[in-house]
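K.L.:
Output the structure for:
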Amino acid sequence: MADFEYDIIVVGAGHAGCEAASAAARMGSRTLLITMDMNTIGQMSCNPAVGGIAKGQIVREIDAMGGQMGIVTDRSAIQFRMLNKSKGAAMWSPRSQSDRKQYIQQWIKTLSTTDNLHIWQDEVVSLLLDNQNNTPHIPGDTLHHTHTVTGVVTRLGVTFKARAVILTNGTFLSGLLHFGRTQIPGGRIAEKASIGLTEQLVATGFVSHRMKTGTPARLDKRSIDFAALQEQPGDNTEETFSYLPNVRRELKQMSCYITYTNPTTHDILRQGLPDSPLYNGQIQSIGPRYCPSIETKIVTFADKEQHQLFLEPEGVDSNEYYVNGFSSSMPWQVQLEALHSVRGLEHCVMYRPGYAIEYDYFDPTQLYPTLETKIVRNLFFAGQINGTTGYEEAAGQGLIAGINAHQHCIGAEPLVLSRDESYIGVLIDDLTHKGVDEPYRMFTSRAEYRILLRQDNADERLTEKSYRLGLADANRHKLYITKREAIEHITEHLAATPCTSPAYRTLLEQQGYAGSSAHGSLHDMLMRPNITLRDILAIDNGLQDIVDHLTDRQDEILDCTEINIKYSGYISRERMAADKLRRLDTIKIPATFNYSELQSLSTEARQKLTRLRPATIGDAMRIPGVSPNDISVLLVLMGR
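P.N.:
Numbers count the residues shown, from 1 in each chain. From the prediction side, this is the model:
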């Protein structure tokens, strides 16, 4: 702390801030992470879980690139499940329950042992902005660099200088908590809000709006009748998020439990609606569509007689249980009475009620795909400040912001992931081109190339790229190369080995192919839906010899090989479509291009293209309101 000057300052130590600071420091930038409370680094503000549909894929992508979320999650995991195993491989999504305290401790340990990284406990109240740059004004463009950030000022009056600043403020910007009609300023329960940054940024030219999210009550497990609930254990496997074989789940594994609301529950909640901030006009902002409060559920789905609730443990040594599916901002009395009407919770004791929180966010179309802002040079945004919700979405943005802030400091090319490379690429592309009007949550349905973006092949897609940047280390890169070579070796063996053994004819009969003759190669046989690679492994000694040399990564490599072969036709089709679209991303649009003069473009297209300044034809095509005809006009003007 001697000179108070850094390459990069990260403001906020939530999931985005932790990944951003870790990545920037490990790549070589002298980094400062500023947090209001060092005891809540990596705090799980809502449920104690990581992953889920599409979110699990993001965590595996973070890990493949050398990020830390997957490792921290595995080391604090108390349950692991692979969701959607009954569906196709593109839908398989890992999810883990975490010990909340251990998750924080693992992040603190990770950050405090990272070279080039310092931590300062304080609140950032303003940015140091220099508006004396000579960036030329683009006619009709309202988004261009008018200022350059050079550092921050804290509540304690300390000034830190930096070459780049990353804001990851989460729900703290002008945060306001709602407990029925009671309102308390704060970024989380018992934690104060951050005041001042929004006002400064808006005065600089940024557009800010309000969003709302919420969290359920926490219950004392000693008051829950678990015998009346349906137990939901984790998978009996050794699977993890991290690709590193030395990362294992070491904590005691615990079950979750399922119960349901009922008509009595709904009647109690309906009677409390006049005191609900969501329905009495107290909250004006928009909440997450895909994670609604319980009061929203009973209004929107009035015909439903029950809603599923999951009781999730907060940790091995904690009595706290999280009631997933019962997010609420109702008065605490209403919440408790409603919970007492639920099977198994008749005598439950509440540690604290659920609440809603409103906070400031900034329209993410004010960002470049690098996550640098278009108005202030060297300033990056990541996480809920961009209108997203979810630990995983925040961490993915933080990783990219940290990488690009470092690249900016050394004058290197930034990293922009495409939609066919990662869910992180889909996320950032959606944010920066489409913006948000409700908290953005990732789903597999948002990705048009989800067969390419599976959870099993994130290392194949991203590790090489990250290794070249200097984030993924040599050990991780070697593991990826070894896995790739093993998959190639197995695939070549299957293609070269004919189905000559009578055992294969027996296998076909056992799997419902009576009357079918075994012909062709083992590769051809594996293309059949009911035949697995492990079926073949039990017969083919040559394949067994190959697998015996895979040590502790056998399951991972066998699964990935089988998916590649069984889905090869679909994979090839999606790759062709992605390559065709990617060619449009190579057609650059000059930064000074004047759209207002093009009468052949629709009025909406002229306005949006002028405001958002797409860098390529591909970027322009993804902007809502820009039609195929508008793209055709631009292609002609670009000489295509």
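
K.L.:
Near Gln232, how many other residues are there?
P.N.:
A total of 14 residues lie near Gln232 under the criterion other C-beta atoms under 10 Å. Placement of C-beta: from N, CA and C, glycine included.

K.L.:
How about the one 10 residues further on?
P.N.:
Around Ser242 sit 23 other residues, with neighbours defined as other C-beta under 10 Å.

K.L.:
Next, work out how far apart it and Arg575 are.
P.N.:
Computed as C-beta to C-beta, to the nearest Å, the Ser242 to Arg575 distance reads 27 Å.

K.L.:
How about Asp130?
P.N.:
Using C-beta to C-beta, we find Asp130 at a distance of 46 Å from Arg575.

K.L.:
again, but for Asp235
P.N.:
Plainly put, Asp235 is 31 Å away from Arg575 if you go by C-beta to C-beta.

K.L.:
go on, Gly520?
P.N.:
For Gly520, the distance to Arg575 under the criterion C-beta to C-beta works out to 24 Å.

K.L.:
One more: Met211?
P.N.:
Met211 sits 37 Å away from Arg575 when distances are taken as C-beta to C-beta.

K.L.:
likewise Ala217?
P.N.:
Applying C-beta to C-beta, the value for Ala217 to Arg575 is 47 Å.

K.L.:
likewise Pro216?
P.N.:
Computed with C-beta to C-beta, the distance linking Pro216 and Arg575 is 42 Å.

K.L.:
of the two, who's got more company?
P.N.:
Here Pro216 and Arg575 are set side by side on neighbour count (other C-beta under 10 Å), and the busier one is Pro216, at 25 against 14.

K.L.:
Could you pull up the residues touching that one?
P.N.:
With contact taken as C-beta atoms under 8 Å, 6 or more residues apart in numbering, Pro216 is in contact with Ile294, Tyr322, Val323, Asn324, Gly325, Phe326, Ser327, Ser328, Gly354.

K.L.:
and the first one, what pLDDT?
P.N.:
Same thing as Ile294. Reading off the per-residue confidence, Ile294 sits at a pLDDT of 97.

K.L.:
Any figure for the gap between it and Gly175?
P.N.:
Note on Ile294: its distance to Gly175, by C-beta to C-beta, is 22 Å.

K.L.:
Show me which of the two is the more surrounded one.
P.N.:
For Ile294 versus Gly175, neighbours defined as other C-beta under 10 Å are more numerous around Ile294 (26 against 22).

K.L.:
pretty sure Arg622 contacts Leu431?
P.N.:
No - counting by C-beta atoms under 8 Å, Arg622 stays clear of Leu431, with 11.1 Å between them.

K.L.:
Run through the strands of the stretch 201-350 of the chain in chain order.
P.N.:
For the stretch 201-350 of the chain, strands defined by DSSP state E, counting those that start in this stretch occupy the ranges 208-215, 218-220, 230-232, 256-260, 308-313, 320-324, 350-352.

K.L.:
So what are the sheet partners of the fifth one and their directions?
P.N.:
Just to be clear, that refers to strand 308-313. The partner list of strand 308-313 in its sheet, established with DSSP bridges, is strand 256-260 (antiparallel), strand 320-324 (antiparallel).

K.L.:
Contacts made by it with the rest, please.
P.N.:
Residues from elsewhere that reach strand 308-313, judged by C-beta under 8 Å, 6+ apart: 47-49, 78, 97, 219, 221, 224, 229, 232, 254-261, 320-326, 342, 344.

K.L.:
got it, and the longest one?
P.N.:
Counting by C-beta under 8 Å, 6+ apart, strand 208-215 makes contact with 45-47, 171, 198, 201-202, 283-288, 291, 293, 327-329, 354-363, 384, 387, 389, 438-439, all of which sit outside it.
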